[in-house]
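[1] Compute the structure for the input listed below.
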Amino acid sequence: MIPEEPSVRRPLKRSRVNRGDGQVIDNVSDDVSTARSMDSPWVERLLTLHRQVRSAVAKSDRAGTGSKNAKGDDVKLFDLAANDAALDVLREFQQPLIVDSEEGQRREIGSGTPRHLLVLDPVDGSDNWARGLPLSALSCAVLPVDAPLHPDWVEAALVGSLEQDTTPLIALKGSGAWHGNDRLETSKLRNIARAMISVELNHHAPSPGLARLMAAARGVRCYGCASRALSLVAEGATDAHVDARGRLTAESYLAAARLVIEAGGWVVGLDGASLAVAESLTNRVSLVAASSRELCDEIVEVLHYGEH
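    This next block holds a predicted model:
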């Protein structure tokens, strides 16, 4: 086995950005970031969406409950406020668009023929937000309108904390994942024995395979928010995330999975094969996200050790 360093968070890659007008941006402190300088109108749109949703959630009652969504989950009043704020912002863009949100039915916005589908979870980690835990996020993925619901097809993605004064993470397909001016990179760790991993256990006891994996890892965390758990892998803060419950729906993982991929990581199904394609936001999957191909393969092997 090749020796490797303990799992530590690597410094993020800091970049200087040529705006094309002779000016170079370096260390900009707000959302005016490397990602924003990229040649995609979706960067500015997603940043605006994050600001407005974050503001709407901050003004809403954390305790009140509204109805249930299509998956049967309770929809809280701040979920509805966030969804309404998102739709208002998207309408202002005057861009023909299909929006698929956890908190409402698929709908078409704007006039003309939509070219893009926007998959949205206005408040991923609703229970965390309701209890005051700082582990919730806006999750938003943009795909071609007829594309499968799969991370490989995501053209632009944002995962943004709902806490105030935070800068979201953004990915553009083929152009990397970014946090402000910092380009994200996974830890590249290859060995589970040195890995800090996260798992999701809500409503489920760990299977024998998952228990084996948790015992093998250097450390284990559980966040209750898929988009944040996955984005921490993209940031290099953790080395892998495993959700083996078969309960994940596309709005909670599409954007963050794209972040992981753009940061150099891997996202697969529990069997190590390509992640299943979701036909709608009610289809549920399991997944493994890891900082490297080697770590991903080892996780899958540990999960299924002894199976025939």
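[2] give me every residue that touches I261.
    By C-beta atoms under 8 Å, 6 or more residues apart in numbering, I261 lies in contact with 151-152, 171, 267. All C-beta spots, glycine's among them, are computed from the backbone N, C-alpha and C.
[3] And those residues, which is closest to A211?
    Nearest to A211 among the contacts of I261, counting by C-beta to C-beta, is V267 at 22.5 Å.
[4] give me the number of residues near the closest one?
    As a burial measure, V267 scores 24 neighbours (other C-beta atoms under 10 Å).
[5] partners of it in the sheet?
    A289 (DSSP bridges).
[6] what's it in contact with, if anything?
    By C-beta under 8 Å, 6+ apart, the neighbours of V267 are 151, 230, 257, 260-261, 275, 287-289.
[7] Drop anything exposed from the residues you listed.
    Neighbour counting by 16 or more other C-beta atoms under 10 Å classes 151, 230, 257, 260-261, 275, 287-289 among those as buried.
[8] picking up where we left off before, can I get the contacts of I261 in TSV including secondary structure?
    Listed next are the contacts of I261 as TSV, based on DSSP: H, G, I helix; E, B strand; the rest coil:
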residue	secondary structure
P151	helix
D152	helix
A171	strand
V267	strand
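[9] mind checking the longest helix of the protein?
    Using DSSP state H, we find that the single longest helix of the chain is helix 41-58.
[10] if I look at the closest residue to E307 other than its chain neighbours, how far off is L270?
    Nearest non-adjacent residue to E307, counting by C-beta to C-beta, 6 or more residues apart in numbering: G209, 7.8 Å away. Counting by C-beta to C-beta, to the nearest Å, the separation of G209 from L270 is 9 Å.
[11] shared neighbours of those two, anything?
    Residues touching both G209 and L270 (C-beta under 8 Å, 6+ apart): 244, 303-304.
[12] Just name the lowest-scoring one in those residues, pLDDT-wise.
    Minimum pLDDT for the shared contacts of G209 and L270 is recorded at H304 (93).
[13] Thanks a lot, catch you later.
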